[in-house]
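Participant: Sequence plus the predicted model coming up.
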Amino acid sequence: VNTNKESVSVTLKASALSGITSRIILHPIDTVKTRMQCQKVSSQNIQNSDVSKYYKNTFDASKTMLKYEGFRGFYRGLSPSLLLTTPAIGLYLTTYDKVAEHMQTEKKFIGHFIAGFAAEAVSCI
């Protein structure tokens with residue numbers, strides 16, 4: 001029995017599932033943040049201290065979104081986000097786990113550094 005292949009499969013599945021779960025839970029926060037960052041402000045208002053914006057703060061943005069778009073407004077763009085982030089997170093965590101496992105040395109910092117570098121390289125391809 002080759003436990004290494006089984007452990008890679010289990011790690012990849014668990015990593016992908018953790019990515020899906022975290023994206024579903026955290027997507028509303030990301031949506032509010034994105035809405036606030038994308039507010040249009042005229043160049044004339046930037047020079048004034050009293051800048052006119054659609055949302056005053058995070059709470060106001062959340063309240064306004066809920067009022068006009070309902071709960072579903074917080075989850076706009078979730079499907080494309082899941083399609084892009086799930087494989088990346090699965091690959092990242094699996095690569096990190098397997099490289100760190102092989103890099104078991106007395107110098108733990110170097111092993112984790114190399115594992116993190118490899119994981120980032122693989123997940124962004």
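Facilitator: On my side now, so go ahead.
Participant: Residue 112 and residue 100 touch, don't they?
Facilitator: Yes - taking contacts as CB atoms under 8 Å, residue 112 lies within contact range of residue 100: 6.2 Å. C-beta coordinates here come from the backbone N, C-alpha and C atoms, glycine included.
Participant: Give me the more crowded residue out of these two.
Facilitator: residue 100 (18 against 14; other CB atoms under 10 Å).
Participant: residues in contact with that one?
Facilitator: 111-112, 115 (CB atoms under 8 Å, 6 or more residues apart in numbering).
Participant: That one: helix or strand, and which one exactly?
Facilitator: Using DSSP states H and E, residue 100 sits within helix 78-102.
Participant: list the buried ones in that helix?
Facilitator: 78, 81, 85-86, 88-100 (16 or more other CB atoms under 10 Å).
Participant: re the thing from before, please identify the one among the contacts of residue 100 that lies nearest to residue 27.
Facilitator: residue 115 (27.7 Å; CB to CB).
Participant: which residues touch the closest one?
Facilitator: 95-97, 99-100, 103.
Participant: from these, which has minimum pLDDT?
Facilitator: In terms of pLDDT, the lowest of the contacts of residue 115 is residue 103, showing 83.
Participant: for the chain, which spans come out with low pLDDT?
Facilitator: Applying pLDDT under 70 to the chain flags the ranges 1-6, 41-52, 106.
Participant: Scan it for its longest helix.
Facilitator: helix 3-37 (DSSP state H).
Participant: In terms of secondary structure, what does that one contact?
Facilitator: The contact analysis (3 or more CB pairs under 8 Å, 6 or more residues apart in numbering; DSSP states H and E) places helix 3-37 against helix 58-69, helix 78-102.
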